[in-house]
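Asks: return atomic coordinates for the entry below.
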Amino acid sequence: MNSFAAPIVCIGGLNIDRKLRLLAQALGGSSNPCEAHETPGGVVRNVAENLARLGLPVSLIAAVGDDAGGRMLMEQAARVGIDTQAVLKLRRHVSDSYTAVLAPDGELHLGLAAMPLVERLNPWALAASQALRAGAALVVADGNLPTDAWPLLLGEARASGIPLIGVAVSEAKMDRLPDDLRGLHLLILNAGELSTVAGEPGEALARLHARGVGCVLVSHGGAGLMLSQPGREPRRWAAPQVRVVDVTGAGDALSAGVCAGLLRDPNDFDTAARLGLDLAALTLQTEDSVHPELTPGFLTDR
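Replies: Next up, the predicted model:
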């Protein structure tokens, strides 16, 4: 049983994850044998499931269709303990999907995102869940959100003081972040996503801080994490070395672990970074986007 009354509110992508793992190197213009695997997905949904499996209170703001995929997503979320009362249910729509084509070694070869429903999370739609966010301990938003959703969330964060954590989802969607990012307590992204801000990492970090981002946490995969804060020397943490089964979901697990650490203390980045790295390492060792055997013991037995 968790000891937190206020929930972590997660806003963004909710979709079907389809993983197609090639049995040999891909041949362009040809049929390629593969293995197929389907799970619930979406960056912020994966973050929410990790947190729920850790025994933390989580509410989800997202959008689904009224198709079989949408029903599966809602039923699975309820089973793992995610509060879905604020999820928009759109009639006569197909739920969003993400298809990952994986190389034989588990690395991502190609990602295909068909996610029109997340675009419905505009300020008008988000107004209905304002009270939920006002009572949150943390608000976590992913980069799938439409550009016009961010000023609303950032304004709420500045007014309430509730930490807002942004989780990037891809290099292509980095331009959805507005120029004014005042109110963003932490932005979590990888080196590729950082490079879309500026070619040189130091310049990219300086630009993000100038735009108002309080802290920037950069994942370098197996090389670990780097934290940038204005006026301080960068901090670094090494990643545990594990046998990689599938990289899908590992970045989301990293973000969830960081959020779990910051829930106790929004400024304790050492604990948050270590939790995130350990949870990502666990997730790398399963084909599922969220480790199916994750329990609150991951936090309590440390």
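
Asks: can you tell me what sits against stretch 276-284?
Replies: The contact list for stretch 276-284, computed with C-beta atoms under 8 Å, 6 or more residues apart in numbering, reads 50, 224-225, 237-240, 242-247, 249-258, 260-261, 289-291, 294, 298. C-beta here means a position set from N, CA and C on the backbone, and glycine is covered the same way.

Asks: typed the wrong thing, it's stretch 171-189
Replies: With contacts defined as C-beta under 8 Å, 6+ apart, stretch 171-189 is touched by 143-147, 150-151, 153-158, 163-168, 192-193, 195-197, 208, 211-219, 254-255, 258, 262, 266.

Asks: let's see that with 7 Å instead.
Replies: The contact list for stretch 171-189 (C-beta atoms under 7 Å, 6 or more residues apart in numbering) reads 143-147, 150-151, 154-155, 157-158, 163-168, 192-193, 196, 208, 211-218, 255, 258, 266.

Asks: restrict that stretch to CA atoms and write it as PDB.
Replies: Written as PDB, here are the backbone C-alpha positions of stretch 171-189 (Å, rounded to 0.1, in the frame of the first residue of the first chain):
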ATOM      1  CA  GLU A 171      13.400  13.700 -32.500                       C
ATOM      2  CA  ALA A 172      10.500  14.400 -34.900                       C
ATOM      3  CA  LYS A 173       8.200  15.700 -32.100                       C
ATOM      4  CA  MET A 174      10.700  17.900 -30.300                       C
ATOM      5  CA  ASP A 175       9.400  20.900 -32.300                       C
ATOM      6  CA  ARG A 176       6.000  20.500 -30.400                       C
ATOM      7  CA  LEU A 177       7.600  22.100 -27.300                       C
ATOM      8  CA  PRO A 178       6.900  25.900 -27.300                       C
ATOM      9  CA  ASP A 179       9.700  28.400 -27.100                       C
ATOM     10  CA  ASP A 180       8.600  29.500 -23.600                       C
ATOM     11  CA  LEU A 181       9.100  26.500 -21.200                       C
ATOM     12  CA  ARG A 182       8.900  28.400 -17.900                       C
ATOM     13  CA  GLY A 183       7.300  26.100 -15.400                       C
ATOM     14  CA  LEU A 184       8.900  22.900 -16.700                       C
ATOM     15  CA  HIS A 185      10.700  21.400 -13.700                       C
ATOM     16  CA  LEU A 186      12.500  18.700 -15.600                       C
ATOM     17  CA  LEU A 187      12.800  17.600 -19.200                       C
ATOM     18  CA  ILE A 188      13.900  14.000 -19.900                       C
ATOM     19  CA  LEU A 189      15.300  13.200 -23.300                       C
END
